[in-house]
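Chemist: fold the following.
(chains A and B)
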Protein chains: 2
Amino acid sequence: MNSNNIQVVLVNPSHPGNIGAVARAMKNMGLRKLVLVDPRKFPDPEAQWRSASAVDIIDSARVVSSLDEAIKDSQFVVGTSARDRRIPWPVQDARLTARRIVDHSVSENVSILFGREDSGLNNEELKRCNLHCHIPTHPDYESLNLSMAVQIVCYEIRMTELEGTLPREEDSDWENPFATAQDMEYFFEHLEATLVDLDFLNPAAPKRLMTRLRRLFNRVRLDEMEVQILRGVLKETRRVVGENRNK
Amino acid sequence: MNSNNIQVVLVNPSHPGNIGAVARAMKNMGLRKLVLVDPRKFPDPEAQWRSASAVDIIDSARVVSSLDEAIKDSQFVVGTSARDRRIPWPVQDARLTARRIVDHSVSENVSILFGREDSGLNNEELKRCNLHCHIPTHPDYESLNLSMAVQIVCYEIRMTELEGTLPREEDSDWENPFATAQDMEYFFEHLEATLVDLDFLNPAAPKRLMTRLRRLFNRVRLDEMEVQILRGVLKETRRVVGENRNK
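Modeler: Purely as a prediction, here's the structure:
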């Protein structure tokens, strides 16, 4: 991906607060080029403060008077749209769209168009696009806030960029190595011996209790440190029980 | 998924505007249960108007005084967190977290915790969680707005719910069936004959031009209606060319 080749284009945004929130959403996900087509109120202090630490995006935003001007160098143009449209057009969800954007950005200029807060992009604007992107909202309430739509598309671009580099398993990020099967066997033997010492386990009929304990500890997956801690407890328990016996 | 079993819990939110934006983000993605732990300013008119058409979520939000009270019935608790934490904990990105949430929600009560705007969840709160969720923001600017974080997690839950039902190809949503190879052959024959009539194509050395035209039309994939339109144009062209010849 080349983020320098990707620009977010807001067509006639009404509320400067949304422009600020868009700038923050972009920077959070590693995009920096913002173009404003005929914004109703810009510059504006509300855009500044809503952008928080993305005020650099606001300051470097390009303001143009027409969509033609905004996208004149773009080789791949994506329009975000609600579902109802008169002309059938290639439509993808934000995840698939992000893949296309990331691919094209390597060697081409990409524009991602977002429409007005109240009415989106009109048909003439949608016709300028190579691809329409639809975010599958719930039928109970379809209308996303403008900056939320930008956030989702930028997030999907970031996720696409990171694909294959994120930990796929919850435990791949774990600090200690997980215990091996051998470690676990020694632990279970130690546990069983301790339970026998405690007269908690009858060595003549041990199976059910140990099976339950195995299921418990295997489900949780112990790391090496945790096994050491537990075995320390077992060792000390056996020592105390043995001392009591000898009294 | 059972969305009735999923609640979004905001811990000490400061800004009523964020509460409103969270309500909208939830409803856009089909979630409805909002819990507020000791909010600084609630109820508040700003929460109402920022929620737009999700004011029902605001009106039915449960306000409690402690996190314990918020999650007392929850069997699976997710905490959203920034990366730096002292205790290693199972961490997943929002996409993998959403899968866990959707799975657990079928039969269990799930809470998704979001922390304070400025400082997130504290260590004591994170320790109450079964899983920590991290949204992989860009290192240039890591701090997501609260409502944006909620939007992304709720979006991933919706995408998980819709998995397998969304069109996977841009054209599976197309209104007209695509032309068959046979249709395309008839079209290319018609096109070639027309170009010969126009003296644009030399039938003695036709290959290169037709190859280029084939490449063009095969790349774009015509639908049946488009083939009919083009063949209508060709038919009319041949008729006019024929009339001119006969003059």
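
Chemist: which residues touch the closest residue in space to A:His104 that isn't next to it in sequence?
Modeler: Spatial nearest neighbour of A:His104, chain neighbours left out: A:Phe76 (4.1 Å); criterion: CB to CB, 6 or more residues apart in numbering or on different chains. In this view, the C-beta of every residue, glycine as well, is placed from N, C-alpha and C. For A:Phe76, the contact set (CB atoms under 8 Å, 6 or more residues apart in numbering or on different chains) comprises A:Arg100, A:Ile101, A:His104, A:Glu108, A:Asn109, A:Val110, A:Ser111, A:Asn130, A:Leu131.

Chemist: again, only using 10 Å
Modeler: A:5-6, A:100-101, A:103-105, A:108-112, A:129-131 (CB atoms under 10 Å, 6 or more residues apart in numbering or on different chains).

Chemist: those residues, buried ones only, as a ChimeraX selection?
Modeler: The buried residues among the contacts of A:Phe76 can be selected in ChimeraX (16 or more other CB atoms under 10 Å in any protein chain shown) with this line:
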select /A:5,6,100,101,104,105,109,110,111,112,129,130,131
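
Chemist: and which of the contacts of A:Phe76 is nearest chain B?
Modeler: Nearest to chain B among these is A:Leu131, at 6.9 Å by CB to the nearest CB.

Chemist: if we can go back for a sec, filter the contacts of A:Phe76 down to the ones in strands?
Modeler: Residues of these located in strands (DSSP state E): A:Ile6, A:Val110, A:Ser111, A:Ile112, A:Leu131.

Chemist: what's opposite the last one in the beta bridge?
Modeler: According to DSSP bridges, A:Val78 are recorded as the beta-bridge partners of A:Leu131.

Chemist: that one touches A:Thr97, doesn't it?
Modeler: Yes: counting by CB atoms under 10 Å, A:Leu131 touches A:Thr97, with 6.4 Å between them.

Chemist: report the set of residues contacting both of those two.
Modeler: Common neighbours of A:Leu131 and A:Thr97 (CB under 10 Å, 6+ apart) are A:Val78, A:Gly79, A:Pro90, A:Val91, A:Ile112, B:Glu170.

Chemist: quick one: residues contacting the first one.
Modeler: This means A:Val78. Applying CB under 10 Å, 6+ apart to A:Val78 gives the contacts A:6, A:9, A:92, A:94, A:97-98, A:100-101, A:104, A:110-114, A:129-133, A:153.

Chemist: which pair of the shared contacts of A:Leu131 and A:Thr97 spans the longest distance?
Modeler: The largest separation in the shared contacts of A:Leu131 and A:Thr97, counting by CB to CB, is between A:Ile112 and B:Glu170 at 16.0 Å.

Chemist: show me which residues of the helix or strand harbouring A:Met184 are buried.
Modeler: Using DSSP states H and E, A:Met184 sits in helix A:181-197. Buried residues in helix A:181-197, counted by 16+ other CB under 10 Å: A:Asp183, A:Met184, A:Phe187, A:His190, A:Leu191, A:Glu192, A:Thr194, A:Leu195, A:Asp197.

Chemist: could you dump the residues you listed to CSV with pLDDT and distance to chain B?
Modeler: Listed next are the buried residues of helix A:181-197 as CSV, based on pLDDT from 0 to 100; distance: CB to the nearest CB, whole Å:
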residue, pLDDT, distance to chain B
A:Asp183, 87, 18
A:Met184, 85, 19
A:Phe187, 91, 20
A:His190, 93, 24
A:Leu191, 90, 24
A:Glu192, 89, 28
A:Thr194, 88, 27
A:Leu195, 87, 28
A:Asp197, 86, 33
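
Chemist: what about the helices in chain A?
Modeler: With DSSP state H, the ranges of helices along chain A come out as A:16-28, A:45-50, A:55-59, A:67-71, A:94-105, A:123-126, A:146-162, A:181-197, A:207-220, A:224-246.

Chemist: which stretch among these is buried most, on average?
Modeler: Mean neighbour count, computed with mean count of other CB atoms under 10 Å in any protein chain shown, is highest for helix A:16-28 among the helices of chain A, reaching a mean of 26.

Chemist: ok and that helix relative to helix B:146-162, angle-wise?
Modeler: Counting by axes from the mean of the first three to the mean of the last three CA atoms, to 10 degrees, helix A:16-28 points 70 degrees away from the direction of helix B:146-162.

Chemist: tell me how far the spatially closest residue to A:Lys41 that is not a sequence neighbour lies from chain B.
Modeler: Sequence neighbours aside, A:Pro16 is the residue nearest to A:Lys41 in space, at 4.9 Å (criterion: CB to CB, 6+ apart). Per CB to the nearest CB, to the nearest Å, A:Pro16 is found 14 Å from chain B.

Chemist: quick one: residues contacting A:Pro16.
Modeler: Contacts of A:Pro16 were listed using CB under 10 Å, 6+ apart, and they are A:39-51, A:58.

Chemist: what is the end-to-end distance of stretch A:61-81?
Modeler: 23 Å (CA to CA, to the nearest Å).

Chemist: how far is that stretch from where the chain is centred?
Modeler: A distance of 27 Å separates the centroid of the chain from that of stretch A:61-81, by CA atoms, centre = their mean, to the nearest Å.

Chemist: now do it, average pLDDT.
Modeler: Averaging pLDDT along stretch A:61-81 yields 93.

Chemist: any stretches of chain A with poor pLDDT?
Modeler: The model of chain A has pLDDT under 70 over residues A:83-88, A:167-175, A:206-207, A:219, A:247.

Chemist: domain map for it?
Modeler: Listed by automatic domain parsing, the domain ranges of chain A are A:3-162, A:171-246.

Chemist: columns distance to B:Val22 on top of the ones you listed, output as a markdown table?
Modeler: Shown next, in a markdown table, are the domains of chain A (distance: least, CB to CB, whole Å):
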| stretch | distance to B:Val22 |
| --- | --- |
| domain A:3-162 | 11 |
| domain A:171-246 | 27 |
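
Chemist: out of those domains, which comes closest to B:Arg239?
Modeler: Closest approach to B:Arg239 among the domains of chain A (CB to CB): domain A:3-162, 29.0 Å.

Chemist: end to end, how far does that closest one reach?
Modeler: 13 Å.

Chemist: thought A:Asp68 was touching A:Ser111?
Modeler: No: counting by CB under 10 Å, A:Asp68 stays clear of A:Ser111, with 11.5 Å between them.

Chemist: so what sits against both of these two?
Modeler: Common contacts of A:Asp68 and A:Ser111 (CB under 10 Å, 6+ apart): A:Arg128.

Chemist: quick check: A:Pro45 vs chain B, distance?
Modeler: As judged by CB to the nearest CB, A:Pro45 and chain B stand 16 Å apart.

Chemist: go on, A:Met29?
Modeler: Going from A:Met29 to chain B by CB to the nearest CB gives 6 Å.

Chemist: and A:Arg238, by the same measure?
Modeler: From A:Arg238 to chain B the distance is 29 Å (CB to the nearest CB).

Chemist: and stretch A:40-53, how far apart are its ends?
Modeler: Terminal-residue distance, stretch A:40-53 (CA to CA): 23 Å.

Chemist: starting at the chain centroid, how far to it?
Modeler: On CA atoms, centre = their mean, the centre of stretch A:40-53 falls 26 Å from the chain's centre.

Chemist: same question, stretch A:17-37
Modeler: The mean C-alpha position of stretch A:17-37 is separated from the chain mean by 18 Å, CA atoms, centre = their mean.

Chemist: and that stretch, end to end?
Modeler: In stretch A:17-37, first residue to last residue: 16 Å (CA to CA).
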